[in-house]
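Colleague: Quick one, structure for this:
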Amino acid sequence: MVTVDVATEKPADSAGVNIFLGARLECTDPSGDVLGTAGGTENLLTGEPVTLSSQLLLRPSRDGVYHCDVLLNAPSDAGASAGTTFTLETTWAVASVEGLAVQTPAVERLPMTIRAGAREMAFGEVIPLSELSEGHLQMHASLNLTTCTGFGGSREDGRTWCGKDDIDTGASTFEVETRMDVIGSNGAVCGAIDASRTDMHLKRFRHHQLLHVERYAAVPDEVCGDRVRISVLIENTGPASLVVHRENSSMITTEARVER
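Modeller: The predicted structure is shown next:
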């Protein structure tokens, strides 16, 4: 498992409202072929520190030298913040994962537009308890978000995900819920191992955000079912719709605990 964290801040004396920042982790195998990418985008606001965090699960197929690069992009040439100098602290790490390790395909549910008043599951993964040997689970998820304060920035798969009725300059207030639920033999939830809720607000001039969430929980010896569903849900109270992009969104579940 490869993790990357990019921490930075728009300087207090810098011009303009925001600076767009893109970060990308790219790993290649010994022949130079890309094994996987992760990353995201976010606008820096004056005096507000941010950290862009993401993760990637690699399964090397042969011995050799593997390369991972962190690529940063701040295209402000035509913006009010052009010429601004800011400092970034970039850290990345590789950790061997023993036992269960699952990266949930973002293509299963994303991209999606969550309108005001709606609640949607961005990621979901069901894991048989028979596959666990250590009795605990850790989930890392990164969500690449855009608030629909305008049409720009929501384009993916050849279409714009912020429609006319999605736009509101009040931006998006939303709740992120992570859950680890036990699934019984009838396919229904019969108990919960872990649940957490966090209130968030994606500001108009932030516009883009790479939101990172993680949870760790022990699985009890006696449970009411034979599977655990790990899920990340978002309830958007608006007023603007919220886009969850497939690109740069990821969820990885491991049995071994992986520290960032």
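Colleague: Could you use CA atoms for every contact and neighbour count after this?
Modeller: Noted.
Colleague: ok, residue 38 - contacts?
Modeller: Taking CA atoms under 8 Å, 6 or more residues apart in numbering, we find residue 38 in contact with 24, 25, 26, 54, 55, 56, 248, 249, 250.
Colleague: What of residue 121?
Modeller: By CA under 8 Å, 6+ apart, the contact list for residue 121 reads 109, 231, 232, 233, 234.
Colleague: Please list all residues in contact with the first one.
Modeller: Residues in contact with residue 109, defined by CA under 8 Å, 6+ apart, are 121, 122, 123.
Colleague: quick one: which of those residues sit in strands?
Modeller: Cross-referencing the contacts of residue 109 against strands under DSSP state E gives 121, 122, 123.
Colleague: From those residues, pick the one nearest residue 205.
Modeller: Among the ones in strands among the contacts of residue 109, residue 122 lies closest to residue 205 (CA to CA), at 23.6 Å.
Colleague: Was I right to think the closest one contacts residue 245?
Modeller: No: contact criterion CA atoms under 8 Å: residue 122 and residue 245 do not qualify, at 9.5 Å.
Colleague: For these two, list the residues in contact with both.
Modeller: With CA under 8 Å, 6+ apart as the test, residue 122 and residue 245 both reach residue 110.
Colleague: Partner strands of the helix or strand that residue 180 is a member of, with direction?
Modeller: Residue 180 belongs to strand 172-183 when assigned by DSSP states H and E. For strand 172-183, the paired strands and their directions (DSSP bridges) are strand 189-202 (antiparallel), strand 227-239 (antiparallel).
Colleague: And the nearest residue to residue 45 once chain neighbours are set aside, what's its pLDDT?
Modeller: Leaving aside its sequence neighbours, residue 45 sits nearest to residue 18 (CA to CA, 6 or more residues apart in numbering; 4.9 Å). Residue 18 is assigned a pLDDT of 90 by the prediction.
Colleague: The closest residue to residue 134 other than its chain neighbours: what's it in contact with?
Modeller: Leaving aside its chain neighbours, residue 134 sits nearest to residue 255 (6.9 Å; criterion: CA to CA, 6+ apart). By CA under 8 Å, 6+ apart, residue 255 lies in contact with 98, 99, 100, 101, 132, 134, 135, 136, 137, 138.
Colleague: Buried ones from these, can you make that a ChimeraX selection?
Modeller: This is the ChimeraX syntax for the buried subset of these, where burial follows 16 or more other CA atoms under 10 Å:
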select :101,132,137,138
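Colleague: could I get the contacts of residue 255 as TSV with distance to residue 146, pLDDT and secondary structure?
Modeller: As requested, the contacts of residue 255 are exported to TSV (distance: CA to CA, whole Å; pLDDT from 0 to 100; DSSP: H, G, I helix; E, B strand; the rest coil):
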residue	distance to residue 146	pLDDT	secondary structure
98	35	86	coil
99	35	87	coil
100	32	92	coil
101	29	94	strand
132	36	90	coil
134	38	82	coil
135	36	86	coil
136	33	90	strand
137	29	94	strand
138	26	95	strand
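Colleague: What are the contacting residues of stretch 2-12?
Modeller: Contacts for stretch 2-12 (CA under 8 Å, 6+ apart): 18-19, 23, 25, 44-58, 70, 86-95, 260.
Colleague: Show the buried residues in these.
Modeller: Using 16+ other CA under 10 Å, the buried members of the contacts of stretch 2-12 are 18-19, 23, 25, 44-46, 50-58, 70, 90, 92, 94, 260.
Colleague: Brilliant, that's me finished.
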